[in-house]
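**Q** Build me a structure from this.
(chains A, B, C and D)
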Number of protein chains: 2
Amino acid sequence: MNMRRTTIKDVAEAARVGVATVSRVLSGGSASPETRERVLTVAAQLDYRPSALGRNLRQQRSGGIGLLLPDITDTFYARLADGVLACARSAGEPVILSTTGDDEEREAEAIGMLLEQGVDRVIAVPSGDAETWIPTLRAGLTTVFAHRIAAGRDDVPSVLADDRAGVRTAVDYLTGLGHRRIAYLGGPGQQQRLAAFRQALGDLVDEELIVLARGTRDSAYAAAAGLFQHRPDLTAVLAGGNLLGEAAVLAARELDLRVPKDLSLIMFDDVPWAELCSPPLTVISQPARDIGYRAAELVLRAGGRRPRGVSLPTELIVRGSCGPRGTSRSPR
Amino acid sequence: MNMRRTTIKDVAEAARVGVATVSRVLSGGSASPETRERVLTVAAQLDYRPSALGRNLRQQRSGGIGLLLPDITDTFYARLADGVLACARSAGEPVILSTTGDDEEREAEAIGMLLEQGVDRVIAVPSGDAETWIPTLRAGLTTVFAHRIAAGRDDVPSVLADDRAGVRTAVDYLTGLGHRRIAYLGGPGQQQRLAAFRQALGDLVDEELIVLARGTRDSAYAAAAGLFQHRPDLTAVLAGGNLLGEAAVLAARELDLRVPKDLSLIMFDDVPWAELCSPPLTVISQPARDIGYRAAELVLRAGGRRPRGVSLPTELIVRGSCGPRGTSRSPR
DNA sequence: AATCATGATGGAATCGTTTCCATGAACATG
DNA sequence: CATGTTCATGGAAACGATTCCATCATGATT
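**A** Numbers count the residues shown, from 1 in each chain, chains lettered A, B, ... in the order given. Presented below is the predicted three-dimensional model:
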């Protein structure tokens, strides 16, 4: 059952030509029509598939795209991955997926593994800073950052959602409803978003209303619950990711805060369950899949001039989780 | 900037030994203590990483685990993938991910790609039947099915949730509440689950109350809405997956059916938003991550005797989406 | 002391492909 | 007819690792 796989040599013999000719025919080189046809026929008969192993070794590059994500169970990253996969599939390139858990060390490990595999193209939602990404530069592999960039590596092409505009729209919407004490629930690696929040809020910014969690559900819940208990005077909250939004809804329910009467909530990233929630969540939708797709396009089109960065629009989708500022909650 | 990567030859020269010795030292073979240390030191100094390309070609196998899933944006499969990734990471193996969209043809393509890459281990949630999986057998690669099996390939080891028991528990729970007209909303490739439903329901089974959708959101919604409109007499529904469950909630809301007063709902697979829903959804939870992890263990432990199939328990988590049978809804 | 066993070591073959280069044929141009 | 050009073709050299095998030194056994 375990017969040797058919190699280019087998094809060459069967077609009574040299291996060089077979290789040329199969990779579109020049050959006489009759030879070409004979080789093609034989190759099809033997069901020959060139081994990527041999080819990669020879050409010193393993096709393949490395994809580094913080967490595949986060639907945002899952959609991003889906975009990458779609593009890679149409290019016939395999995708090697690794998750980093937003941990620099794990990220460095994953990069090492990709390097070892000879992968020469990477798409990443970076967790580490410039230093983590030195090896990739030195190894000369094509890198594209998605969703966010590694601090101090502005030279790497990137595909980002327009956080700045998204945050501004959301904050404007909330202030327009009369809210003044607006909190921000952030996750790891979102300086961009946070900065935009501070800027959009201007004088109203209150550092105590800015809370950062780590990437886990527990951490997000703790951050949200802590915030709500500590500052009963806040009337609106902007959650910087779907995990944070989920935590906010849960924490609000636990503390008997009614949304949107007691608390207005806007969440970054539109997810299917936002509509199922009660009330349905007002969100800033991000084109996660497009981000992935565009990143893949960029990393595949390695040769040509690549634009510095692509920015994709966000959209405020108004549902039912925001209302006019009510009477401020009484401290308990 | 683009200097050649350091090879085993460089290390050999720098350590004044032969390449064979370096290889032996690095892969745990025998060597004298002083030589071993010298090689190790030099290798560390040069930051040498053995190229997987060379190794794989020589050994005729590319480490790597191929992972074939219908859809990575479905949180169930995402969690399964997460389990696979966790196990693979601890074994230092890369994971090549492909999605099939529940399409046989795409699955066959993906298999071809993996074969070409020299991948010799595959974990799959199969979409195709036995025929699709012939090439993998012929190529002699280690396969493990997860979540479901390919029709007619009982010989392949698998890791499954105990659907049978899950369905039975759910149906018993519903009948215990007095429900008699219980519908089943199914997805692609779940003969197992459907059969269990029929069996658990016994005499009560009504073929008109069994509806199958394809793997998309739209298809799921259409199936749910159609079912609810067509058969206003049904009082309970079992959704065979989180996409179906989502569709059921949406369709029920659209048709002004109150859950659980007018309609009791149980969903297969526990997802974070099930708790956020109102009412919170009663679900049959499946250990998605464990399924992935166990499958990876199985596929990595290729040599040893591998058990035919692993079955993991499911659990009925009662929340608020089921109630006693109310007065049957009046047809409109 | 001669032989044998053990263990460290390096040279060379190997994996399957691409690609460089030489060869030879066919043909055109002087 | 001689020379140059074009083109198809196949042999052989890479690529970077592992691994077989021969070699040599050392220590043990007869």
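
**Q** for the worst-scoring helix or strand of chain A on mean pLDDT, which positions count as buried?
**A** One helix or strand of chain A scores below all others by mean pLDDT, DSSP states H and E: helix A:134-138, with a mean of 86. Across helix A:134-138, burial judged by 16 or more other C-beta atoms under 10 Å in any protein chain shown covers A:135, A:136. From N, CA and C alone the C-beta is placed, and that goes for glycine too.

**Q** by contact count, what packs against it?
**A** helix A:104-117 (3 or more C-beta pairs under 8 Å, 6 or more residues apart in numbering or on different chains; DSSP states H and E).

**Q** quick revisit: now the least confident helix or strand of chain A - C-alpha only, CSV.
**A** What follows is helix A:134-138, C-alpha atoms only, in CSV (Å, rounded to 0.1, in the frame of the first residue of the first chain):
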residue,chain,number,x,y,z
ILE,A,134,14.1,42.0,14.2
PRO,A,135,14.6,38.3,13.2
THR,A,136,12.0,38.6,10.5
LEU,A,137,13.7,41.6,9.0
ARG,A,138,17.1,40.0,9.2
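
**Q** Just give me how far that helix sits from the chain centre.
**A** Mean-position distance between helix A:134-138 and its chain equals 21 Å (C-alpha atoms, centre = their mean, to the nearest Å).

**Q** Tell me the helix or strand right after it.
**A** As assigned by DSSP states H and E, the chain's next helix or strand after helix A:134-138 is strand A:142-146.

**Q** Mind giving me the packing neighbours of the very next helix or strand once past that next one?
**A** Downstream of strand A:142-146, the next assigned helix or strand under DSSP H and E is strand A:158-161. Packed against strand A:158-161 by the contact rule (3+ C-beta pairs under 8 Å, 6+ apart) you find strand A:142-146, helix A:288-300, strand A:309-312.

**Q** Those: which one's closest to chain B?
**A** Each of the helices and strands packed on strand A:158-161 has some distance to chain B by C-beta to the nearest C-beta; the shortest is helix A:288-300, at 8.2 Å.

**Q** Pull out the buried residues from the closest one.
**A** Neighbour count says helix A:288-300 has A:288-300 buried, by 16+ other C-beta under 10 Å.

**Q** closest point of chain A to chain B, which residue?
**A** For chain A, C-beta to the nearest C-beta, closest residue to chain B: residue A:273, 3.3 Å.

**Q** mind pulling up the phi and psi values for residue A:188?
**A** Main-chain torsions, residue A:188, degrees, to the nearest 10: phi -80, psi 150.

**Q** Tell me where the stretch 51-200 of chain A is predicted with low confidence.
**A** Applying pLDDT under 70 to the stretch 51-200 of chain A picks out no residues at all.

**Q** how about the residues of it near DNA strand C?
**A** A:51, A:53, A:54, A:55, A:57, A:58, A:59 (C-beta under 7 Å from any atom of the strand).

**Q** And residue A:261, how close does it get to residue A:181?
**A** To residue A:181, residue A:261 is 16 Å away according to C-beta to C-beta, to the nearest Å.

**Q** Would you mind telling me which of these two has the busier surroundings?
**A** Using other C-beta atoms under 10 Å in any protein chain shown as the criterion, residue A:261 and residue A:181 rank with residue A:181 on top: 16 against 13.

**Q** Help me confirm that residue A:14 comes into contact with residue A:41.
**A** No: between residue A:14 and residue A:41 there is no contact under C-beta atoms under 8 Å: 9.6 Å.

**Q** For those two, indicate the residue with more neighbours.
**A** The neighbour comparison of residue A:14 against residue A:41 (other C-beta under 10 Å) goes to residue A:14, with 18 against 12.

**Q** ok, now which ones touch that one?
**A** Going by C-beta atoms under 8 Å, 6 or more residues apart in numbering or on different chains, residue A:14 touches A:42, A:45, A:46.
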